[in-house]
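Trainee: Below are the sequence and a predicted model for it; my questions follow.
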Amino acid sequence: MAILCRVLIAVSLTAPLAAQTSTLNQQRLADVQFVATQLPALHANFFFQLNPADFNAAVQSLTARIPNLTPAEFEMRLAQLVAMAGDPHTWLYPPGATFSLTFVALDDGIFVTGAPPEYAQALGMQLVAVGNTDIATVLTQLGTVIPHTNPQWVRFEAQLLLRYQDVLQGLDLAPSASSTPMTFQDPLGNRVTMNVAPSTEAQTASPSTLGPLPEFVRSASQNYWFTYFAPQRLLYFRYNLCEDNPANPFAGFAANLLATFDANPIDSFVFDFRGNTGGDSSVINPLLAGLQQRLPAALENPKFRVYDVIDEGTFSSGLDDAMGIKSGALVDGVGNTVVVIGEPSGGPPAGYGEVVGFTLPYLGLSGQYSTVYHPLQPDIPAGTAFNPDIPVANRSTDYFARQDPVLAAIFARAGAPPAAPAGATIVVNAANFRTDKGIAPGSYAAAFGTYPPNVDGVFISGVAAQIVIATPSQINFILPVGVIAGTAAISVRAGATEVSKGQFTVSTSGLGIFVLSTDLSQPGAVLNPDYSVNTSANPAARNSIVQIYGTGFAQSTQIFFGNVPATVLYSGPVPGVAGLWQINATVPAGMTGQLPVFAIADNTVSNTVTVWVK
């Protein structure tokens, strides 16, 4: 009798559970069927690059796994189905709570730019792992739920998705727990792992407001704004979002901008579409119509140039407008004066758009799908991205030193960067370590590679160079003065034997400014008027003369504190010290705090350092 009672109790407990499980499975199946049947029917061409057989196989696989998936795993498997179409406009929005961290994707990694007090140590550090998974693999996995045509769009969207715990757990990148382990790395390679939990705590930001922020990150909440740089005769238009602001209607905004155009000399007009993910591409039309009227007079100035700035966040209508500027489709006759500068776009030059929202019947998650195909605009090359004429990288050393490298390149009217160094030995300027810069004769250079302990010779295109220091991984030397500009070969020798070689670009001029520490804010090798080292505890005074030390060569030199040009009193070699270059400049009035400083030497831009001013 007791055995019978236990059996009856077991049946009474498991029957409702089985019914609940069956209901849950049926509800999940309804969402799968919506994605499998309704979404392809609604989309303009869901299978434009997707094999239907592959999609059906993925649907069947997910259907079979429905009973075994956690809620987060099921959500991400649905997102992967949607993303298989490869249309960046068609996707499932991420669900769940977010971490109290914010990230920025830069060319050398993903970095923390906002954190509450308990995670403040991570500010400015690079995210290198989630759980036990390295960041490269994490990005690959995120790419399965981010529909894309190029890797830069994955990086751009990863800035957001890395904040969603459900996304990371659903992709099996994080454990099913209340917090997620994340590993961060500082510039010296030191690592720390923190268990990060979702929250809505207030954050401290990095870069901090101890100094001026670049124009392109200021006023990020405004749909559009402009400013005029009088010393550079440059009118800068920042277009964050293709959407009219009722509090500042675009028609009136455009009238004010055009009035500024009329009232000032203009050598450069900048359209900045970085981070513009779209909206209504026609909002910009009043500005374009006004520029069309002024173009004949503007072109009478032989220096007049239009810069079209893009990056991995340029997408959809923002990208359409950027391409329209280049093709001349939006402003007739301007095409030959347009220079596209920045980084390849996140969106493709041609693709689907005009989105409509959808809601899944069971989970209630939202998403969107495309309804219209947008073909290539005239004279825009086909491909996975719209590419710049002048590529300009955005690294952590720029970002945390508060420099906008694109605007600096526009100030300098810089050309395309030289070919990157190649081979077993990589040669860079010993002050900036940048692979996108040439090295001027007479400069300190650094050669990175793997070397035996008895290295005793470095030859540049057959000319012996002076070795300053040699280690098993780095050799510092002075580039011979007589080396001709262009591609140069380096031969590293031990005795009479070549042990390593490579190629790099020798430039006629160009400066690198030395950095005193590995701090991401890039404290510069700068002396105050009393010859003491400039630091936060020992700042320079406004209007005082500071000495900036670097390496390179310049026939003409400009120094900028922030985006304000300074008076240069001396720019030349340090007497008696081979390879060292000194610039004496007056700190501009009205500037205090930690200021970014960079040099323009003969249309080339140096790295940025920071200087403290009181």
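Mentor: Structure's in. What do you need?

Trainee: burial count for the closest residue to A414 other than its chain neighbours?
Mentor: Using Cβ to Cβ, 6 or more residues apart in numbering and skipping residues adjacent in sequence, the residue nearest A414 is N603, 5.5 Å away. C-beta coordinates here come from the backbone N, C-alpha and C atoms, glycine included. By other Cβ atoms under 10 Å, the residues close to N603 number 14.

Trainee: for the one 10 residues further on, same thing?
Mentor: The number of residues packed around V613, counting by other Cβ under 10 Å, is 23.

Trainee: Now do the contacts for it.
Mentor: 539-542, 561, 587, 591-593, 595 (Cβ atoms under 8 Å, 6 or more residues apart in numbering).

Trainee: Kindly report the same for E243.
Mentor: Taking Cβ under 8 Å, 6+ apart as the test, what E243 contacts is 223, 279-280, 283.

Trainee: ditto for G131
Mentor: Contacts of G131 by Cβ under 8 Å, 6+ apart are 168, 173-175, 180-181.

Trainee: Put together CSV for the residues you listed, with distance to Y119 and neighbour count on each row.
Mentor: Listed next are those as CSV, based on distance: Cβ to Cβ, whole Å; neighbours: other Cβ atoms under 10 Å:
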residue, distance to Y119, neighbour count
L168, 16, 26
L173, 19, 20
A174, 16, 23
P175, 18, 13
T180, 12, 20
P181, 12, 15
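
Trainee: If you rank the contacts of V613 by neighbours, which is first?
Mentor: Neighbour max across those (other Cβ under 10 Å) = V587, 27 neighbours.

Trainee: Tell me the confidence at it?
Mentor: Listed pLDDT for V587 reads 96.

Trainee: And for A115?
Mentor: 95.

Trainee: Partner strands of the strand or helix carrying W225, with direction?
Mentor: Secondary structure from DSSP states H and E places W225 in strand 224-229. Under the criterion DSSP bridges, strand 224-229 sits next to strand 234-239 (antiparallel) in its sheet.

Trainee: tell me what the next helix or strand along the chain from the partner strand is packed against?
Mentor: Next in sequence after strand 234-239, counting helices and strands by DSSP H and E, comes helix 250-263. Where contact means 3 or more Cβ pairs under 8 Å, 6 or more residues apart in numbering; DSSP states H and E, helix 250-263 is packed against strand 224-229, strand 234-239, helix 285-298.

Trainee: which of those sits most buried?
Mentor: Comparing the helices and strands packed on helix 250-263 by mean neighbour count (mean count of other Cβ atoms under 10 Å), strand 234-239 comes out on top with a mean of 23.

Trainee: Domains in this protein, by residue range?
Mentor: Listed domain ranges for the chain are 102-205, 224-348+383-412, 422-508, 511-613 (source: automatic domain parsing).

Trainee: Pick out the residue nearest the middle of the protein.
Mentor: L106 (3.7 Å; Cα atoms, centre = their mean).

Trainee: List of residues touching the strand holding W225?
Mentor: So strand 224-229 is contacted by 215, 219, 234-241, 245, 248, 250, 253, 256-257, 260, 264, 411, 563 (Cβ under 8 Å, 6+ apart).

Trainee: Let me see the mean pLDDT of that strand.
Mentor: 96.

Trainee: Helices of the chain, residue ranges please.
Mentor: 2-33, 39-42, 52-65, 71-83, 135-142, 151-161, 165-170, 250-263, 285-298, 316-327, 396-399, 405-412 (DSSP state H).

Trainee: hmm, back to that, relative to helix 250-263, how tilted is the strand holding W225?
Mentor: 10 degrees (axes from the mean of the first three to the mean of the last three Cα atoms, to 10 degrees).

Trainee: Strand 224-229 to helix 405-412, inter-axis angle?
Mentor: 40 degrees.

Trainee: Could you export strand 224-229 as CSV, CA atoms only?
Mentor: C-alpha atoms of strand 224-229 as CSV (Å, rounded to 0.1, in the frame of the first residue of the first chain):
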residue,chain,number,x,y,z
TYR,A,224,23.8,67.6,-35.4
TRP,A,225,26.0,70.6,-34.6
PHE,A,226,28.8,72.6,-36.2
THR,A,227,31.8,74.8,-35.3
TYR,A,228,34.3,76.9,-37.2
PHE,A,229,38.1,76.7,-36.8
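
Trainee: ok, back up a step: reformat the domains of the chain as CSV; add distance to Q377.
Mentor: Putting the domains of the chain into CSV (distance: least, Cβ to Cβ, whole Å) gives the following:
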stretch, distance to Q377
domain 102-205, 16
domain 224-348+383-412, 5
domain 422-508, 29
domain 511-613, 30
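
Trainee: Tell me the buried residues in stretch 306-318?
Mentor: 306-318 (16 or more other Cβ atoms under 10 Å).
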